[in-house]
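J.: What follows is a predicted structure for the sequence shown.
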Amino acid sequence: MLLWLALACSSDTCRTLCATVAQSIEGCLDDWGATWEDFDVTERLEYGDRCRSEWEAARTDLEPRQLDAATAECTEAEAELPKLSCNQLRVMYLDP
């Protein structure tokens, strides 16, 4: 049973997206002259953990069709994220 739960969590594209976003941001920090503190965290892993926690909290309020739609959006974002430049990421994640 525990293995099944681990596999179910690891296949959640929104959880995966959290890690991918954190990694992409980390690759841009020097270009931006920014640090993780600008995101109210101390490191990439903490950012990813916070993102996953926020997703877990949000998903509990979603109906099945909403969850499917959100998962589809995460899958699309996961595919598009590598195409974004640091400037585009900055607008999305750092600039107000």
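T.: Thanks, I have it.

J.: Any figure for the gap between residue 42 and residue 34?
T.: In this view, residue 42 and residue 34 are 13 Å apart by CB to CB, to the nearest Å. The C-beta positions use only the backbone N, C-alpha and C, and glycine is treated the same way.

J.: I'd like the average pLDDT over stretch 82-96.
T.: In this model, stretch 82-96 carries a mean pLDDT of 90.

J.: and what of stretch 13-21?
T.: Mean per-residue pLDDT for stretch 13-21: 94.

J.: which helix of the protein spans the most residues?
T.: Longest helix of the chain, by residue count under DSSP state H: helix 13-32.

J.: Next SSE downstream of that one?
T.: Moving toward the C-terminus from helix 13-32, the first helix or strand encountered (DSSP states H and E) is helix 44-59.

J.: what packs against that next one?
T.: Counting contacts by 3 or more CB pairs under 8 Å, 6 or more residues apart in numbering; DSSP states H and E, helix 44-59 is packed against helix 13-32, helix 64-80.

J.: That one versus helix 64-80: what angle between them?
T.: The directions of helix 44-59 and helix 64-80 differ by 150 degrees, with axes from the mean of the first three to the mean of the last three CA atoms, to 10 degrees as the criterion.
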